[in-house]
Structure formats: structure tokens, C-alpha cells
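Novice: Let's see this in three dimensions:
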Amino acid sequence: MANATLKTLSAKRVLVSSITLVLCCCALLAAAQGAGPEFDAWVQQQRGVALAKTLANISPAGTARGCVVAATSKDTSKDAPNYWYHWVRDSGLVMDALLGEYETTANATLAAALERTFLEYATFTLKNQNTRSRSASPTDPMGLGEPKYEVDGTPFLGDWGRPQLDGPALRASALMRFAQEYLRRGGSLATVRDLLYAPALPAKTAVKADLEVVSHNLGVPNFDLWEEVQGQHFYTTLVQRRSLLTGAAFARFFNDTGAADWYQQQATPLAPVLAGFWDGARKYIGATRDRTGGLDYKASNLDIAVVLGALHAHGDATDGFYAPDADQVLATLLALKDAHRAAFPINTRYRADLPPALGRYTEDRYYAGNPWFLTTLAAAETQYRVVARASAQNSLTVTPVSLPFFQDLVAGTGVTVAVGPVAKGTPQFTALTQALVRAADGFMQRVRVHSGAGGRMDEQIDRYTGFMLSATDLTWNYAAFLTAAAARERARAAYPPAF
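Specialist: Reported below is the predicted structural model:
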């Protein structure tokens with residue numbers, strides 16, 4: 001979301017007096033509650049708030065139908081950045097989150113409203129794709145790697161970190177997922193063909209166009225999801241792989257067998273490429289390789305983007321590749337927890353009993369570098385999804401790589417952990433899944449106590465005061481809460497003893 005041109009905070013946000021800090025802690029303490037029925041009720045309440053605020057940021061007044069604004073802030077004179085744009089990445093993730101609601105709701109009115117929203121989003125996407133952008137290149141003639149668009153659907157023409165190649169992959173995956181549920185609910189196959197997938201080349205439909213761009217631009221240097229570093233990225237490559245594998249099956253459904261084979265062939269070599277991001281010396285997955293431009297001070301290469309990639313690629317719902325329960329993903333999450341607990345004063349000055357609020361990476365300088373809501377929610381969602389997957393597989397496997405993660409999880413509880421499989425239903429399995437839920441709930445609590453009135457979540461959490469700052473009502477935050485709450489619900493259904 002952040003542009004490479006970093007902003008600095010005003011002195012009033014950096015120089016926090018001890019009196020302000022005490023007042024902050026008192027205000028936050030009033031919001032803190034323990035887990036239990038009251039906490040369950042809050043999760044459900046905040047899920048409703050998140051859904052309402054997400055929908056409010058889609059096609060708001062003054063924008064074209066189908067536009068997803070990244071946040072409500074648009075006046076940079078008021079100490080917040082202008083996010084009144086349609087980011088391809090953010091919108092794809094928002095739609096993916098809404099699909100969780102669309103797939104599960106029994107409310108016909110809500111389902112119809114969501115269906116209209118997705119179809120308008122697909123139409124807006126076609127407008128984006130059919131207007132040449134500054135990201136255009138020989139392998140991307142229309143510039144679908146463009147990061148963001150104006151709210152009327154025309155490309156942003158200012159300088160930016162281009163291209164960003166995770167956007168087309170995320171958008172295609174969301175639209176394919178929508179098509180499957182839409183057709184399951186009796187939707188029109190003709191509509192899907194007209195808007196989303198027709199085999200003809202050059203591509204004139206939204207999914208086909210994105211899949212062509214993804215498949216012909218693998219390995220092209222591009223900017224990461226934070227729009228700051230140019231190179232090859234774990235996150236981008238993982239979501240590209242997912243879109244191509246899903247796209248192969250989707251193309252085959254439409255009898256586009258040549259394209260299906262092509263997408264599959266392009267996806268296959270990405271597995272060893274992704275394995276190469278593991279840093280054996282540091283014991284975590286590095287975010288970027290082969291940097292060619294952008295910021296040069298991310299020495300640790302430790303970034304929450306890795307965990308987000310595991311969530312957004314949905315390996316736990318597909319082929320299991322780098323799913324949220326992958327041992328290297330869990331090792332990376334542990335490294336992030338340890339680094340960010342130390343990096344952000346709020347984690348040790350207030351409610352040290354809770355898991356730490358997480359940011360993007362420790363060297364972050366955007367708004368002086370702070371925790372974010374969506375990154376903290378990612379830690380919660382990851383652990384809920386580990387529980388659900390372990391239950392589905394009837395076992396939780398601890399490897400030498402993930403052992404430190406599980407040891408940290410149960411530290412001080414008297415529970416011991418050893419390398420090997422832990423069978424579902426055993427006391428050890430129940431103890432470990434309870435520890436996962438307890439930790440995940442803790443991250444949700446951390447989000448709760450830093451949220452604003454009415455469940456509002458701005459982009460970031462001030463590292464010193466714990467109050468919100470930067471872009472107001474960040475849409476991705478609300479989408480992240482939706483997916484975390486849904487993951488919690490699935491985990492409870494999968495293995496009730498964990499709760």
C-alpha cells in the first residue's frame with residue numbers, strides 16, 4: 001500500500017510524553033476483556049462491523065460501480081495519506097474475503113447483494129484491463145500489472161512502483177472462486193463466459209486476460225505487495241502459482257485445453273523457485289530474492305508478507321503447498337513475533353500478556369514504522385487455520401523446523417512438545433490446538449484493544465501510544481477481520497475441544 005516515497009511523522013506523534021502514554025494505557029485497558037462468551041460475542045459483532053464497512057467502501061458515492069477504495073482518507077493535509085484509489089491487489093483480497101460470506105450465507109438478500117457486487121467488480125475490472133496503463137510492456141501490452149486505478153476506472157498516471165504482478169493473480173483467483181459459487185447457486189453460464197472467461201485471444205474477458213498476463217510474466221522483476229522493493233518475491237510467486245493451477249482447471253471447464261496445459265506447465269516450475277526462499281541460516285522464509293531496485297535497507301528480509309502469502313494462496317484448501325500449517329511458515333511467524341515484540345514499544349509497555357502487535361517488517365520507515373491491524377490479524381488467522389487443517393488431517397505434525405514455534409506456544413504451561421505426528425483426539429493434540437486457539441484469540445484481543453470507537457480500524461497502530469494512525473477505515477483491515485473470524489468459526493466447527 002505504501003509508496004516508495006516515505007513520509008515522516010510530525011513531532012507530536014513521535015515525541016510521546018509519559019503522561020500521554022499513561023492516558024493511552026488507561027483508555028485501552030477499558031476495552032480489554034478476557035476470552036470467553038463475551039469475547040465470542042465481540043468477534044461476531046466486529047465481524048458484522050467489518051462486513052458493513054467493507055461493503056461501504058465498494059462503489060461509494062463519487063466512484064464508478066465496482067470500484068473498491070482502499071480507504072476513506074483522501075485529504076493528505078489532515079495527516080493521513082490519500083488512499084482514494086482502486087488498488088488491484090487490495091480489491092482482489094477484499095473480494096476474496098467477501099466470497100467467504102457469499103459461499104456460506106443462507107440470507108438470500110445478502111447473497112443477492114454480494115452477487116451484484118461481484119458482477120459490478122468484474123465489469124469495473126474489464127474497464128481497467130481495456131485501458132492501456134503505464135505498466136504496459138511487450139509481455140503485458142495493456143499494462144495489467146498496474147498497481148492502482150482512479151475511482152472512475154482510468155489508470156493512475158503518476159510515478160509509482162511498477163509493475164506489481166501479484167494483483168492480476170489475486171484478481172483472477174477471486175473471480176474464478178466467485179464463478180464457481182455463482183454457478184453453484186444457479187447463476188448464468190453465459191454471464192460467466194461474457195465477463196470472465198472466453199477462450200479467444202487476444203483475451204477480452206477478465207479472468208482470461210489476467211491469466212495470460214500472469215503466465216507470460218513469471219520471473220519479470222516487479223514490486224512487492226508493499227510497493228517498495230523490486231525483485232522476485234515469495235508472496236507474488238506463491239499467489240501466481242495458485243492462480244495458474246486454478247486457472248488450468250477453470251480453462252479446462254471451458255474446453256480451452258491448450259490454455260489449460262499452458263497454465264499448468266507454467267505453474268509447475270514455481271515450486272522449486274519458492275523453496276529457494278527458505279533461509280536455512282536464519283530459520284525463516286525470506287521475502288525477496290534478486291532485488292533489482294526500490295528500498296535497499298530491509299537487511300533482515302523478514303516480512304509478514306510471507307505469512308500473508310500462505311493465507312492468500314489457500315494451500316490448505318487446494319494442494320497443501322505452503323499452506324498456513326507448513327513448518328517453514330510457522331517458523332517465519334515465530335521469527336516475526338520475536339522481532340516485533342522487541343521492535344514496537346507498545347508490546348512491552350502495555351498488555352505484555354497478549355501476543356505482540358505485528359507490523360510489516362522491523363526496518364519499516366513508512367509513518368516511522370508501526371504495527372498494522374491486518375498483519376496482526378494474519379497471525380490470528382494462521383493459527384486458526386492450523387487447527388482446522390490438523391483436524392481435517394486427523395493429525396498435527398511437529399517437525400524439527402516447526403518445533404521452536406510449538407515450544408514457544410506452550411511455554412509456561414507444562415505441556416511438552418516433541419518432533420513427530422500428534423494424533424487427533426489425544427490429550428497432546430487437544431493441548432496443542434488449545435494453545436493455538438489461545439494464541440490466535442490473543443492476537444484478536446490485541447486488535448480489539450487498539451481499535452477505535454464502533455470497531456473502526458485505520459491502517460496502523462502507533463508503536464508508542466497504541467492509538468490508530470495513517471489511512472482511515474482501511475478496507476483491507478476489515479477484509480482481514482472477516483477472514484480471521486471465518487477461520488475461527490471453521491476451527492471451532494472442526495475441533496470443538498480446542499475452544
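Novice: Okay, helices next: where are they in the stretch 301-450 of the chain?
Specialist: 305-312, 327-343, 346-349, 373-393, 403-409, 427-450 (DSSP state H, counting those that start in this stretch).
Novice: for those, which one sits closest to residue 419?
Specialist: Closest approach to residue 419 among the helices of the stretch 301-450 of the chain (Cβ to Cβ): helix 403-409, 5.7 Å. For the C-beta atoms, the positions are set from N, CA and C on the backbone; glycine is no exception.
Novice: Flag the shaky bits of the protein, pLDDT-wise.
Specialist: 1-34, 76-78 (pLDDT under 70).
Novice: at 80 instead, please
Specialist: 1-35, 75-79 (pLDDT under 80).
Novice: Tell me which residue is most central in it.
Specialist: Closest to where the C-alpha atoms of the chain average out (Cα atoms, centre = their mean) is residue 308, at 4.8 Å.
Novice: just checking, that residue touches residue 377?
Specialist: No: counting by Cβ atoms under 8 Å, residue 308 stays clear of residue 377, with 10.1 Å between them.
Novice: All the helices of the stretch 1-150 of the chain, in order from the start?
Specialist: Taking DSSP H, counting those that start in this stretch as the criterion, the stretch 1-150 of the chain carries its helices at 11-14, 18-31, 37-56, 88-104, 108-129.
Novice: now the ones you listed in CSV, with distance to residue 187 and mean neighbour count?
Specialist: What follows is these, written out as CSV (distance: least, Cβ to Cβ, whole Å; neighbours: other Cβ atoms under 10 Å):
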stretch, distance to residue 187, mean neighbour count
helix 11-14, 48, 12
helix 18-31, 42, 13
helix 37-56, 20, 16
helix 88-104, 11, 23
helix 108-129, 7, 19
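Novice: out of the ones you listed, nearest to residue 460?
Specialist: Closest among the helices of the stretch 1-150 of the chain, using Cβ to Cβ: helix 11-14, at 10.7 Å.
Novice: follow-up on the earlier one: would a markdown table of the helices of the stretch 301-450 of the chain with distance to residue 357 be doable?
Specialist: Formatted as a markdown table, the helices of the stretch 301-450 of the chain follow (distance: least, Cβ to Cβ, whole Å):
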| stretch | distance to residue 357 |
| --- | --- |
| helix 305-312 | 14 |
| helix 327-343 | 7 |
| helix 346-349 | 6 |
| helix 373-393 | 5 |
| helix 403-409 | 17 |
| helix 427-450 | 5 |
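Novice: closest one to residue 100 among the ones you listed?
Specialist: Closest to residue 100 of the helices of the stretch 301-450 of the chain is helix 373-393 (Cβ to Cβ; 11.1 Å).
Novice: Give me the helices and strands touching that closest one, please.
Specialist: When contacts are defined as 3 or more Cβ pairs under 8 Å, 6 or more residues apart in numbering; DSSP states H and E, helix 373-393 packs onto helix 305-312, helix 327-343, helix 427-450, strand 460-461, helix 475-494.
Novice: can you give me the offset of that helix from its chain's centre?
Specialist: How far helix 373-393 lies from its chain's middle: 12 Å, per Cα atoms, centre = their mean, to the nearest Å.
Novice: can you check stretch 468-475 too?
Specialist: 16 Å.
Novice: send the alpha carbons of it over as PDB?
Specialist: Listed next in PDB are the C-alpha coordinates belonging to stretch 468-475 (Å, rounded to 0.1, in the frame of the first residue of the first chain):
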ATOM      1  CA  MET A 468      -4.500   4.500  15.300                       C
ATOM      2  CA  LEU A 469      -2.900   6.500  12.600                       C
ATOM      3  CA  SER A 470      -2.500   6.700   8.800                       C
ATOM      4  CA  ALA A 471      -5.300   5.900   6.300                       C
ATOM      5  CA  THR A 472      -8.800   5.900   7.800                       C
ATOM      6  CA  ASP A 473     -11.000   2.900   7.600                       C
ATOM      7  CA  LEU A 474      -8.600   0.800   5.600                       C
ATOM      8  CA  THR A 475     -10.700  -1.700   3.600                       C
END
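Novice: Okay, the closest residue to residue 446 other than its chain neighbours and residue 371: tell me how far apart.
Specialist: Of all residues beyond its chain neighbours, the one nearest residue 446 is residue 354 (4.8 Å), with distances taken as Cβ to Cβ, 6 or more residues apart in numbering. Going from residue 354 to residue 371 by Cβ to Cβ, to the nearest Å gives 12 Å.
Novice: I'd like to know how far the residue nearest to residue 105 when sequence neighbours are not counted sits from residue 142.
Specialist: Closest residue in space to residue 105, ignoring its immediate chain neighbours: residue 111 at 5.4 Å, by Cβ to Cβ, 6+ apart. Distance, residue 111 to residue 142, using Cβ to Cβ: 33 Å.
Novice: Contact partners for residue 243?
Specialist: By Cβ atoms under 8 Å, 6 or more residues apart in numbering, the contact set of residue 243 is 168, 169, 170, 172, 173, 176, 210, 211, 214.
Novice: Pull out the buried positions in the longest strand along the chain.
Specialist: Using DSSP state E to define each element, the chain has its longest strand at strand 288-294. The neighbour-count check on strand 288-294 (16 or more other Cβ atoms under 10 Å) flags 288, 291, 294 as buried.
Novice: CSV please, covering those residues and showing distance to residue 241.
Specialist: As requested, the buried residues of strand 288-294 are exported to CSV (distance: Cβ to Cβ, whole Å):
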residue, distance to residue 241
288, 17
291, 21
294, 23
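Novice: Looking at these, spot the one nearest residue 58.
Specialist: residue 294 (30.1 Å).
Novice: What's the local residue count around the residue nearest to residue 228 when sequence neighbours are not counted?
Specialist: Excluding the flanking residues, the one nearest residue 228 by Cβ to Cβ, 6+ apart is residue 295, at 4.7 Å. Residues near residue 295, counting by other Cβ atoms under 10 Å, number 20.
Novice: before we move on, the earlier item: just the buried residues of the contacts of residue 243.
Specialist: Buried among these (16+ other Cβ under 10 Å): 168, 169, 170, 172, 173, 176, 210, 211, 214.
Novice: ok now the host helix or strand of the fourth one, how far from the chain's centre?
Specialist: For residue 172, the element it lies in under DSSP states H and E is helix 166-184. In this view, helix 166-184 has its centroid 15 Å away from the chain centroid, taken as Cα atoms, centre = their mean.
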